[in-house]
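>>> how would this look folded up:
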Amino acid sequence: MASRNNSGSEPTSVLGNVVAFIAVAVVTGVVAAGLLVPPAAAAGLAANASIGWFKSLPADMETGPLSRASTVVAKDGSEIAKFFAQNRDPVPLDEISPNMQKALLSIEDRDFYEHGEVDPWGIVRAIGNNLLRPSNRQGASTITQQYVNNLIIDQQVRNGEQASTIGADKGVVDKIKEMKLALSMEQEKSKDEILEGYLNIVLFGGSNYGVEAASQYFWGIHASQLSVAQSATLAGMVQSPNTYNPQVNPELSTQRRNLVLDTMVQTGSITRAEADKAANEPMNLDIHTTSSGCSAAKTAPYFCDYVENEVMQSDAYGTTPEERLATLQRGGLTITTTLDPTAQKAADTQVNQTQPKDNNPDSVSTSLISLEPGSGHIASMAQNTNYSAAEGDSNTTYNFNVDTSMGGAGGFQVGSTFKPFTLAQWINSGKGVKASIDARRLSYPADYKWKASCLPNGYKIEPGTDGNGLTFQNATEGYQKVMDVDYGIYNSINSALYAMAADLDLCEIGDLTKALGIHDGKTGDPVDTTVLSSLLGGSADISPMTMARAFSAFANDGVMCEPRAVTKVVDAQGKSYDVGNDSCKQVIKKEVAQGVNYVLEQVLVRGSGYQRSIGLPGASAAKTGTTDNSTQTWMVGYTEGLSTASWVGNYQSGSRSLNGLNIGGRSGGSGTEWVDGATYAGGQWQNYMKEIAPRYSTDAFSSPPASVLSTSK
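Residues are numbered from 1 along each chain as shown. Down below sits the predicted model:
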């Protein structure tokens, strides 16, 4: 039975091959006519159906830009990361080794510089081989046709389309289209231009496209440096990039390389002695992996992630997520950012010095972000984790410094770093920072009417969890007394804060925090300041970036600039993308900012952060923050040129206290030490600002008017 079936199938196969031969022969004749018949004669043959049909096919193609990697760079031009679907670095032909050019032409198209756009004899030769040896099929495409083929695939992929059969399993019609486009190609480009284009587009295994990327990947050298043996290896891969990949199949790759060397001898490109010498050379691979995206960032991976999120959310790069991703991975963008490499290095050092990510037994989290008040430019962004989605205690892709909407953790409770906002409203309402307040109270009765003009009754009742009203504690005893407002703030006294709030409108405090952009980093909602716990930073999670931005308005005389990571985007053809301009707005009065500066300067002199001075009296200010039970700790501070938020706390450990944990090799709760905002968050802020703040403006803050310094209530 098997024998009968086999004998019956052979005539069918032969018949099919004969039909294919006739069809392709006709096609070859048509193409030859298109190639050889002068235009005037061709016009006279227009009545011929075959010629008419052939001429109706597309006559040209838009080569367009190749898919190229996009590069994210710091403000000094140093590379941060690359994004690509195809790793490609196009180079001109004179920067490609002559060895490589000869090897490719010898094995793929030895008569490239002699024949026309299509090689009729090559087609006939391939047909004859395929009829006689169907198991060892040959192609007949010239380099020009292969270049056209690759361009079509590249364009379709860039456009988000499925690669058509013209780029893959070609039929007769597809082959004719390819030939016709090749005609157009050679009318518009020289042979050298076509060879250069082909060498820059063809796949050499994995995600390495083009000879420069392949040279760098396999040997860490430029394409101009390729030896005879290396060139033969790469040229041999073109037929089947993965099969002949020397990293994957070294034996097959060696066999194929040697075949190329023999072909080079036949074409006169090299001598037999040169071929034998090259054939005896070991591969000597020196793999240089090039990974795409922020996981392979050379620095600042979380800043890179923030930039990626900006691109993926901007219509400037496409109307859909798929289009934006294609632009990022294939558009050859150079994305110039605001990152200061020196500041970033210092930030990385400090967050890992506070708690090393590779030796973090209690999973204590740290982060630091810094931006320029006068522009909003982000100078640094760091945290003590590895940017990775893989399992591991120190691995995460969540950015501790930003909101959930930008790939972040969404923020944390900010503790007493929220107090300056109540101070700002105190000044904004016409009250002086030298006014005396009664800070002896640690509770307010359940029926106490807190003024809140935005609520239906115009006031807020705070019954407390037990119905006994608002109760709280000061972090340190001895501060239940009458004191001046500035004294209460720079010493971070809770009883002073609520005494101030009792004289203010809670809704107006909320208006001011909204103006400063304060919002919950997980939900995006404004902080409800009619919830009294919010005044101590306990009702919402706020990101470090949001806090650094708000405090920057104090440093900048009340003008707040939106955080900015990208200043320029240009593609490989010189097209610029709209990235907007610095966006700054006066959000609080100048005298309000001056008054806050006056008070917060004292934090670093005689207040809760006195041990964290950076040696710039009158030109630096800050506020510490500690939540209940030392769960989250902060220090947010600034100079005229730099606003920095420093955080040490718990990312995933709920209400766990930092006291008693191993932090930087020390036990935070041992002896008399208590972890608060000035301890570790303050330490990394201080060390960072001492090093980096002098690189930016450190001019003294302007003095507030007398009315701000008054005792008026």
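
>>> Show me how the protein divides into domains.
67-85+293-336, 87-280, 412-709 (the TED database).

>>> if I pick the residue lying closest to C584 once chain neighbours are set aside, what's in contact with it?
The shortest distance from C584 to any non-neighbouring residue, by CB to CB, 6 or more residues apart in numbering, is to C561 (4.0 Å). All C-beta spots, glycine's among them, are computed from the backbone N, C-alpha and C. Going by CB atoms under 8 Å, 6 or more residues apart in numbering, C561 touches E372, P373, G374, S375, G376, R549, S552, D582, S583, C584, K585.

>>> List the backbone torsions phi and psi for C561.
Phi and psi for C561, reported as degrees, to the nearest 10, are phi -110, psi 140.

>>> Going forward, count from 46.
In the new numbering, first residue 46, that becomes C606.

>>> and N303, which of the three is it?
Secondary structure for N303, judged by DSSP: H, G, I helix; E, B strand; the rest coil, is helix.

>>> tally of neighbours for it?
N303 is flanked by 19 other residues according to other CB atoms under 10 Å.

>>> In contact with it, which residues are there?
By CB under 8 Å, 6+ apart, the residues touching N303 are A277, A324.

>>> Now with 6 Å, please.
The neighbourhood of N303, defined by CB atoms under 6 Å, 6 or more residues apart in numbering, consists of A324.

>>> May I see the domains of the chain organised as a markdown table, with mean pLDDT and distance to A434 added?
Putting these into a markdown table (pLDDT from 0 to 100; distance: least, CB to CB, whole Å) gives the following:
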| stretch | mean pLDDT | distance to A434 |
| --- | --- | --- |
| domain 112-130+338-381 | 95 | 8 |
| domain 132-325 | 84 | 19 |
| domain 457-754 | 95 | 15 |
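
>>> Serialize those to JSON lines and add fields for distance to Y432.
As requested, the domains of the chain are exported to JSON lines (distance: least, CB to CB, whole Å):
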{"stretch": "domain 112-130+338-381", "distance to Y432": "4"}
{"stretch": "domain 132-325", "distance to Y432": "20"}
{"stretch": "domain 457-754", "distance to Y432": "14"}
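
>>> Those: which one's closest to D448?
Between D448 and the domains of the chain, the shortest gap by CB to CB is with domain 457-754, which sits at 4.2 Å.

>>> Got phi/psi on the residue lying closest to N294 once chain neighbours are set aside?
Spatial nearest neighbour of N294, excluding adjacent residues (CB to CB, 6+ apart): T288 at 6.4 Å. T288 adopts backbone torsions of phi -60, psi -40, taken as degrees, to the nearest 10.

>>> T288 - how many residues pack around it?
Neighbours of T288 (other CB under 10 Å): 14.

>>> And I125, by the same measure?
A count of nearby residues for I125, using other CB under 10 Å, gives 22.

>>> Name the SS class of it, please.
strand.

>>> Please tell me how far it sits from K479.
48 Å (CB to CB, to the nearest Å).

>>> got it, and L279?
77 Å.

>>> ok, the two, which is more surrounded?
Taking other CB under 10 Å, L279 and K479 do not tie; L279 has more neighbours (31 against 14).

>>> Can I get the helix or strand harbouring the more buried one in CSV, CA atoms only?
Counting by DSSP states H and E, the element that carries L279 is helix 273-282. What follows is helix 273-282 as a C-alpha-only set of coordinates in CSV (Å, rounded to 0.1, in the frame of the first residue of the first chain):
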residue,chain,number,x,y,z
VAL,A,273,37.8,37.6,6.8
ALA,A,274,36.7,34.8,9.1
GLN,A,275,34.3,37.0,11.0
SER,A,276,32.8,38.4,7.8
ALA,A,277,32.3,34.9,6.4
THR,A,278,30.6,33.9,9.6
LEU,A,279,28.1,36.7,9.4
ALA,A,280,27.5,36.4,5.7
GLY,A,281,26.7,32.7,6.2
MET,A,282,24.0,33.6,8.7
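
>>> so where do the strands sit in the stretch 546-695 of the chain?
Taking DSSP state E, counting those that start in this stretch as the criterion, the stretch 546-695 of the chain carries its strands at 604-606, 611-615, 629-631, 666-671, 677-683, 688-694.

>>> Just the C-alpha atoms of the fifth one, please, in PDB.
Read that as strand 677-683. Extracted as PDB, the C-alpha positions of strand 677-683 are listed here (Å, rounded to 0.1, in the frame of the first residue of the first chain):
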ATOM      1  CA  GLN A 677       7.200  56.200  57.600                       C
ATOM      2  CA  THR A 678       9.900  58.800  58.000                       C
ATOM      3  CA  TRP A 679      10.700  61.800  55.900                       C
ATOM      4  CA  MET A 680      12.800  64.900  55.400                       C
ATOM      5  CA  VAL A 681      11.800  67.300  52.700                       C
ATOM      6  CA  GLY A 682      14.000  70.400  52.200                       C
ATOM      7  CA  TYR A 683      15.400  72.800  49.700                       C
END
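
>>> What are the contacting residues of it?
Strand 677-683 is contacted from outside by 457-459, 462, 592, 596, 600, 667-671, 690-694, 722, 726-727, 730, using CB under 6 Å, 6+ apart.
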